[in-house]
Structure formats: structure tokens, C-alpha cells
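Participant: Here's my sequence, what's the structure:
(one chain, ligands or ions: 1)
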Amino acid sequence: MDARDRLICALDFPTFDEAKALVEELGDAVTFYKVGMELFYGAGPDIIRYLKEKDKKVFLDLKLQDIPNTVAHSLAVLTRLGADIMNVHAVGGPKMMAEGMKAVKEAAAELGRPAPKLIAVTVLTSMDEAQWKPLNYARPIGEEVLDLAALTKESGLDGVVASPREAAGIRERCGKDFLIVTPGVRPAWAASNDQSRIATPAAAIGNGSTHLVVGRPITRADNKQEAVRKILEEMEGAF
Ligand SMILES: O=C(O)c1cc(=O)[nH]c(=O)n1[C@@H]1O[C@H](COP(=O)(O)O)[C@@H](O)[C@H]1O
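Facilitator: Sure thing, here's the model as predicted:
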């Protein structure tokens, strides 16, 4: 197994040029990139086309949440861009998720392409118990994550975004083919920044994450190639 297929580098930059510079600097070391709100709002669809021309895989992380009709039509439009994975918020509800999935499949079929994977964010990895309490959910974060993962699966989606700490429970509840994409990954040598429910690359793999999303530990490192190499090595050691 190639660890590179399971490491997704978050391109959190405000401009196309900054993102392009990082992709060029990392070269073949990284094959999978995440384009989130900051870069998509700054650079637009051109950044997806650029990454696909470079033969990279793309996770388009726009975390859609709105009424089912709006999400379904937006996902149909986004499907044309050719990303490999897209996401919505699970708390948008089962109807929003199911209609979104249907729209993605129909749009891909019209284009004669395989459908991108659609996954749902459970509870953001920045959320800790102190942030969670004022939201008045009845249960602790970990339990909510598992139920949202099960709801995501029942709604027909391909997987979830969750913390690597929750990956083992999700795997047990949702079965072997479910994608578990985990941000909140921090090697022992990196700062946690605004992430709360974190784990190391080795722990994430050990817990059953299918993909690790890593941003600042790579993008803000003095030696970015070296940061990627160390993360890949740690992942491989845990296979
Ligand atoms: O959907 C996401 O990608 C996401 C979900 C989540 O719960 N937590 C989370 O950090 N992310 C994204 O993952 C990336 C993590 O970046 P770093 O904290 O710099 O490694 C950011 O681009 C976040 O927007």
C-alpha cells in the first residue's frame, strides 16, 4: 500500500499562486490535495482544473449545508469540476444528504464519469467539550459522532470526516468499506494550532482512518518535503 494515496495535504491559502507554489515545491511527494473554502473562494474552479492537469487527486472541502434542494443543485454543479471527494455537513440531515448523493450520481452519469465520493462532516475536529457545552447537545461529542456517522451511512454516502480518535468506533459501527477521512492529525513534532481532538499519523492509521488530512504541519514547515517524508514514514510504520 502506498501511504501517499492516503495522505491529503490541505491547501489552505488565499490565492492560486500560493497554492501552486506549494504543489510545485512538493512535486511527487504529495498526490492528493484538499481545496477548502479559503482557496476555492480565492482562486475559484481554476485551482481544481490545475490540480487535475497535474494528475493530482482532489478533495473539494466546501462543507455544504443548506436546504436539500440547494445542496443537491450545488453538488450537481460542483460535480462537473471533477474532484474525487466532496463533502457536506451531516447535521444538514438525512434528506439533504440523500438528495445530495443522488444529484452527484446523476450529474456524473450525465458526464459519463465515475461519481466522486460524497462524505459528511460529523463534529468538527476543533470542537472540544468547552465549545460543545453551550450548544446544548444531550450527549458527549464521541457519541454524537458515531450516530452522525451511522446516519451518513444510512443516507447512502460514502464516508465521513471525523477525528482520528473516533475512527475505530466509526469503523466498528459503519463497516469496512466506509471512508473515514480524518483531519486533526498532528505528528508529535507539530503544534496543535486550533485543533482539539487530535492524534498522530500512526494512531490515525492504527485506528482505521482511510485518509489523513494534514495542513499546517506541512504547509507551514520550514522544510516541507521533509515534513511530508516524516509523516509518510510514520504512516507506513503503522500499516
Ligand atoms: O472537512 C475538513 O476537511 C475538516 C473537518 C474538520 O472537522 N476539521 C478540519 O480541520 N477540517 C479541515 O482540515 C484541515 C486541517 O488543517 P490543519 O489543521 O492545518 O492540519 C483544514 O483545512 C480544515 O478546514
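Participant: Flag every buried residue along the host helix or strand of L22.
Facilitator: Taking DSSP states H and E as the criterion, L22 maps to helix 16-26. Neighbour-count burial for helix 16-26, with 16 or more other CB atoms under 10 Å as criterion, is recorded at E18, A19, K20, L22, V23, L26. Quick note: C-beta positions are derived from backbone N, CA and C, even for glycine.
Participant: quick one: contacts for L62?
Facilitator: Contact partners of L62, counting by CB atoms under 8 Å, 6 or more residues apart in numbering, are G36, M37, F40, L78, M86, N87.
Participant: May I ask which of those has the most neighbours?
Facilitator: N87 (27 neighbours; other CB atoms under 10 Å).
Participant: give the contact list for that residue.
Facilitator: Residues near N87 by CB under 8 Å, 6+ apart: F59, L60, D61, L62, K63, L64, L118, I119, A120, V121, V161.
Participant: before we move on, what about R165?
Facilitator: Taking CB under 8 Å, 6+ apart, we find R165 in contact with G142, G184, R197, I198, A199, A203, N207.
Participant: isn't there a strand covering the first one?
Facilitator: I take that to be G142. No - G142: not assigned to a strand; according to DSSP: H, G, I helix; E, B strand; the rest coil it is helix.
Participant: Just after whichever strand or helix holds A76, pick out the following helix or strand.
Facilitator: Using DSSP H and E, A76 falls within helix 68-79. Once helix 68-79 ends, the next helix or strand along the chain (criterion: DSSP H and E) is strand 85-89.
Participant: in the protein, what residue is nearest the ligand?
Facilitator: Using CB to the nearest ligand atom, the closest approach of the chain to the ligand is made by G215 at 2.5 Å.
Participant: Excluding residues flanking it in the chain, which one is nearest that residue?
Facilitator: Distances taken as CB to CB, 6 or more residues apart in numbering put A10 closest to G215, at 3.2 Å, once the chain neighbours are dropped.
Participant: That neighbour contacts T219, correct?
Facilitator: Yes - between A10 and T219 there is a contact at 7.2 Å, judged by CB atoms under 8 Å.
Participant: still on that earlier bit, so which of the contacts of L62 are also by the ligand?
Facilitator: By CB under 6 Å from any ligand atom, the members of the contacts of L62 lying near the ligand are G36, N87.
Participant: Next, format the contacts of L62 as a markdown table and append pLDDT.
Facilitator: Listed next are these as a markdown table, based on pLDDT from 0 to 100:
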| residue | pLDDT |
| --- | --- |
| G36 | 98 |
| M37 | 98 |
| F40 | 98 |
| L78 | 98 |
| M86 | 99 |
| N87 | 99 |
